[in-house]
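Asker: Kindly generate the corresponding structure for this input.
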Amino acid sequence: MMRTLFFEQRPSLVNTPNRPFAYLCLALSMALVGSYVALSKPLAAVLPVFLLAWMRFGIGGMAMLHWLKKPADEPPLTAQTKRLLFLESFLGNFLFTICMIYGVSLTDAVSAGVTLAAIPAAVALMGWAFLRERVAPRTWLAVVCAVAGIALFSLSKSEHSTHAGQAVAAKNTQNLAWLGQLLLVGAVVCEAAYTVIGKKLTGSLGPKRITALINLWGFVLTTPFGLYLALGFDFGAVGWGTWALLLFYAMAACMWTVWLWMTGLKVVPAAQGGVFSVLLPVSAALVGVLVLGESLTDMQLLAFAIALASVLMATLPSRVSLRVGQGDRPR
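Answerer: Numbers count the residues shown, from 1 in each chain. You can find the predicted model right below:
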């Protein structure tokens, strides 16, 4: 009986979650991403980025070995599905990481935050262009609020002025700022493609199977870099606290967040799902306040209010949907 509260029993490949549960999955996914992003700063200080990525995919893969098995009612993978699985991992995991890391290193945190605020709009546009989704006016308004909220939060962070000097310390970095900005735009496109391709994949594969397969591709793509870096790395110098944090990071980044995201996307349009990305900076900031002892400014609180308003606009049922749910035809 409890299962029927969250999943609609339909004759499909996997049980389809109802809308409220799908919204909850999307919200939890982005909140969890923000949490592990905030808590993973010590990992980046100890482990090289691509070694960290390789170990993350390896740990996640071992935890999801049983998810790789093809379900009995799943059709054989078509050539198109195989291509989409590769692109999902290549764009959403591998290329996004490269564009994000090097984009920030060539610009600054403010530029990164403002540019990445465009993700909800990019998702909506790509969903309209490639999935032929009809984006309702209220969803567009929610997208605008989401972009405004994230951008305002990025501009209001008081510590940016301190970090910016560190981010552009490399020689001749300012001369390459245009390249950094281009890479950040690439990160936005990659993240939007991750949502749109994921939406497409949920039509033929279950969330667990998608999660396991794209993680496997992530492991394959990062293995050459991971092995090269591992040969010269002193693993004995890594403390137990770091290993525990790595385990949480791997499980959250590779398994929990992806499964939650794919579960929600199964019934939620891509444009609507993209709005939930506003919860990433919100949860990251809350972890910073509650765990790391940071503080929030009045401007950041306003930014959060705008961001959360965008989620409400995107998810509250409209009058039309209420009439349909009650048996009336939309006029």
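Asker: Where do the helices of the stretch 1-150 of the chain begin and end?
Answerer: For the stretch 1-150 of the chain, the helices defined by DSSP state H, counting those that start in this stretch cover 2-6, 19-39, 41-46, 49-63, 79-89, 96-106, 109-116, 119-130, 137-156.
Asker: again, but for the stretch 151-300 of the chain
Answerer: Assigned by DSSP H, counting those that start in this stretch, the helices in the stretch 151-300 of the chain fall at 160-167, 177-201, 207-231, 240-250, 257-265, 270-275, 279-290, 298-315.
Asker: quick one: which of the ones you listed has the weakest pLDDT on average?
Answerer: Lowest mean pLDDT within the helices of the stretch 151-300 of the chain: helix 160-167, at a mean of 44.
Asker: which residues sit in contact with the nearest residue to I214 once chain neighbours are set aside?
Answerer: Setting aside the residues directly before and after it, I214 is nearest to S89 in space (Cβ to Cβ, 6 or more residues apart in numbering), at 4.1 Å. Just so you know, the C-beta spots here come from the backbone N, C-alpha and C atoms, and that holds for glycine as well. Residues near S89 by Cβ atoms under 8 Å, 6 or more residues apart in numbering: 214-218, 221.
Asker: Equivalent analysis for A148, please.
Answerer: 117, 306.
Asker: how near is it to Y23?
Answerer: Remark: distance between A148 and Y23 (Cβ to Cβ, to the nearest Å) = 21 Å.
Asker: do P76 as well
Answerer: As judged by Cβ to Cβ, P76 and Y23 stand 32 Å apart.
Asker: More neighbours: which of these two?
Answerer: Y23 (20 against 6; other Cβ atoms under 10 Å).
Asker: count of residues packed around L316?
Answerer: Neighbours around L316, by other Cβ under 10 Å: 10.
Asker: gap between it and K200?
Answerer: Applying Cβ to Cβ to L316 and K200 gives a distance of 26 Å.
Asker: What of G288?
Answerer: Distance from G288 to K200, by Cβ to Cβ: 35 Å.
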